[in-house]
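**Student:** I'd like to go over a predicted model; first the sequence, then the structure.
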Amino acid sequence: MIQKRISLPEELDQKIRERVKRLNQPEEQVITQLIVEGLNKKPQQQWKNAGEALKSLSELGIKGPKDLAINHDKYLYEEDE
């Protein structure tokens, strides 16, 4: 095992202590599990530009009003009837 020394904000340290108590496990084990879970988590999709983001939105197949581009103010600011 390799030892690392890190500084944590008080709030994060408190959350770790609470988890240690709740799980009744050693602090080292809890921190290691949290790091492993974080590293194995699939990163959220990152887009290189706005065009890629819009393209991925269009691929969701969500349908909206056909006149949204023309009447966007109506949809944004008018009360629902």
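**Tutor:** Yes, it's here. Numbering: from 1, shown residues only.
**Student:** can you read off the pLDDT for the residue nearest the centre of the chain?
**Tutor:** Of all residues in the chain, the one closest to the mean position by Cα atoms, centre = their mean is residue 44, 6.9 Å from it. Listed pLDDT for residue 44 reads 77.
**Student:** what of residue 10?
**Tutor:** If you check residue 10, the pLDDT there is 96.
**Student:** so which strand or helix has residue 8?
**Tutor:** Assignment of secondary structure by DSSP states H and E places residue 8 within no helix or strand.
**Student:** any idea how far residue 15 is from it?
**Tutor:** In this view, residue 8 and residue 15 are 9 Å apart by Cβ to Cβ, to the nearest Å. (Each C-beta comes from the backbone N, C-alpha and C, glycine too.)
**Student:** before we move on, what about residue 51?
**Tutor:** Distance from residue 51 to residue 15, by Cβ to Cβ: 39 Å.
**Student:** neighbour-wise, which of those two wins?
**Tutor:** Neighbour count, other Cβ atoms under 10 Å: between residue 51 and residue 15, residue 15 has more, with 13 against 9.
**Student:** can you pull the buried residues of the helix or strand where that one lies?
**Tutor:** Residue 15 is part of helix 10-23 when elements are defined by DSSP H and E. Neighbour counts over helix 10-23 (16 or more other Cβ atoms under 10 Å) mark residue 20 as buried.
**Student:** on contacts alone, who are the packing partners of it?
**Tutor:** helix 27-40 (3 or more Cβ pairs under 8 Å, 6 or more residues apart in numbering; DSSP states H and E).
**Student:** tell me the angle of the helix it packs on relative to helix 10-23?
**Tutor:** Per axes from the mean of the first three to the mean of the last three Cα atoms, to 10 degrees, the angle that helix 27-40 makes with helix 10-23 is 110 degrees.
**Student:** following element in sequence after helix 27-40, please.
**Tutor:** Where DSSP H and E defines the elements, the next helix or strand beyond helix 27-40 is helix 50-58.
**Student:** all set, thanks.
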